[in-house]
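Novice: I would like to see how this sequence folds:
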Amino acid sequence: MAERPVLVFDSGIGGLTVLREARVLMPDRRFVYIADDAAFPYGNWEERALKTHIIGLFGRLLARFDPEISVIACNTASTLAIEALRKAYPGRRFVGTVPAIKPAAERTRSGLVSVLATPGTVKRQYTRDLITQWASRCHVRLVGSVGLAALAETYLRQGFVDEEAVRAEIAPCFVDMDGRRTDIVVLACTHYPFLANRMRKTAPWPVDWIDPAEAIARRAVSLLGPGEGNGVPAGPDPAVFTAAKPDPAIRRLIQGFGLALI
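Specialist: Okay, the predicted model is just below:
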């Protein structure tokens, strides 16, 4: 590539939500999308092995694409490995994805906030430190969903999803305590916004769902500054899936996002 790209990385296709926002804010830049689907879901990995895997994979990605910045559009990878990535590859710039606990604490009226995440993100000390730092005056419920990311992938492949399964996954987020109800749910996995409409439909009462994609993209913009001003780049951006070539449904999806498999 003539201009060094912005690399957007996720364990699957959830990072497309971040890519979509990044393109709006950085229309003059080229992107490369990486889906580590060979290792999906990250929640099934032992932490040390997953960190080693991510660091090794990024060594190959940085050498191949030489990105100007890498956006880790995955809460699990970010909370586990972003500091290790910065240490392993000094001089490289990384933007991570962390649960949007600070804005949730600022916006809640009831003081009841839920963080809907993967089990790995829920159990990580990093997440608890965010709560201590930004939401000490709130009641924050951490909800580790085992199946929601996979449901999102199924929805994107097949165009439908078991709404009762979605309802069951999000049900623990809704707390009714002393006349107060949860009014904010933080979507702490980039896959989850793809199911936002199904979540709204199956939720027991309306809440504000916080999608971090725009904030992640804005952080990348703040580090990069403006592009070269040459207008929208011609042609699709490249996409890499670490497993075998994705099925036709995913190929159609990524084409819709202006990506082409390489």
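Novice: Leu62 - how many residues pack around it?
Specialist: Leu62 has 16 neighbours, counted by other C-beta atoms under 10 Å. Quick note: C-beta positions are derived from backbone N, CA and C, even for glycine.
Novice: pretty sure it is touching Arg93, no?
Specialist: No. The pair Leu62 / Arg93 is not scored as a contact, 10.8 Å apart, by C-beta atoms under 8 Å.
Novice: so what's in contact with the two at the same time?
Specialist: Common contact partners of Leu62 and Arg93 (C-beta atoms under 8 Å, 6 or more residues apart in numbering): Ser70.
Novice: remind me which residues of the protein are low pLDDT?
Specialist: Applying pLDDT under 70 to the chain flags residues 1-2, 225-233.
Novice: Longest helix in it, by number of residues?
Specialist: helix 47-65 (DSSP state H).
Novice: Show the subsequent helix or strand relative to that helix.
Specialist: Following helix 47-65 in sequence order, the next helix or strand is strand 69-72 (DSSP states H and E).
Novice: elements contacting that next one?
Specialist: strand 6-10, helix 47-65, helix 75-88, strand 94-95, helix 213-224 (3 or more C-beta pairs under 8 Å, 6 or more residues apart in numbering; DSSP states H and E).
Novice: Name the residues that touch the fourth one?
Specialist: Contact with strand 94-95 is made by Ile69, Ser70, Val71, Ile72, Ile82, Leu85, Arg86, Ile216, Arg219, Ala220, Leu223, as judged by C-beta under 8 Å, 6+ apart.
Novice: In the residues you listed, find the pair that's most separated.
Specialist: Greatest spacing in the contacts of strand 94-95, by C-beta to C-beta: Arg86 and Ile216 (16.4 Å).
Novice: between these two, who's got more neighbours?
Specialist: Ranked by neighbour count (other C-beta under 10 Å), Arg86 and Ile216 place Ile216 first, with 26 against 14.
Novice: about what we covered before: pull out the buried residues from the longest helix of the chain.
Specialist: Leu50, Lys51, His53, Ile54, Leu57, Phe58, Leu61, Leu62, Phe65 (16 or more other C-beta atoms under 10 Å).
Novice: Enumerate every residue touching the first one.
Specialist: Neighbouring residues of Leu50 by C-beta under 8 Å, 6+ apart: Ala39, Tyr42, Thr76, Ala77, Leu80, Ala81.
Novice: List the strands paired with the helix or strand where Val185 lies, with their directions.
Specialist: Assessed by DSSP H and E, Val185 sits inside strand 184-188. In the sheet, strand 184-188 lines up against strand 112-117 (parallel), strand 208-210 (parallel) (DSSP bridges).
Novice: I'd like to know which of these lies nearest to Ser11.
Specialist: Judged by C-beta to C-beta, the one of those that comes nearest to Ser11 is strand 112-117, at 13.4 Å.
Novice: what angle separates the strand holding Val185 from helix 75-88?
Specialist: Angle between the axes of strand 184-188 and helix 75-88 is 50 degrees (criterion: axes from the mean of the first three to the mean of the last three C-alpha atoms, to 10 degrees).
Novice: helices and strands around the following helix or strand past strand 184-188, which ones?
Specialist: Reading on from strand 184-188 to the C-terminus, the next helix or strand found by DSSP H and E is helix 196-202. If contacts are counted by 3+ C-beta pairs under 8 Å, 6+ apart, helix 196-202 sits against helix 163-170, strand 208-210.
Novice: List the contacts of the most centrally placed residue in the chain.
Specialist: Nearest to the mean C-alpha position of the chain, by C-alpha atoms, centre = their mean, lies Thr190 at 2.7 Å. For Thr190, the contact set (C-beta under 8 Å, 6+ apart) comprises Asp10, Gly14, Gly15, Thr17, Val18, Ala73, Cys74, Asn75, Thr97, Pro212, Ala213.
Novice: now that we have those, which one has the most neighbours?
Specialist: Neighbour-wise, the contacts of Thr190 (other C-beta under 10 Å) top out at Asn75, 33 neighbours.
Novice: Show the contacting residues for it.
Specialist: Shown in contact with Asn75 (C-beta under 8 Å, 6+ apart): Thr97, Val98, Pro99, Ala117, Thr118, Thr121, Ala188, Cys189, Thr190.
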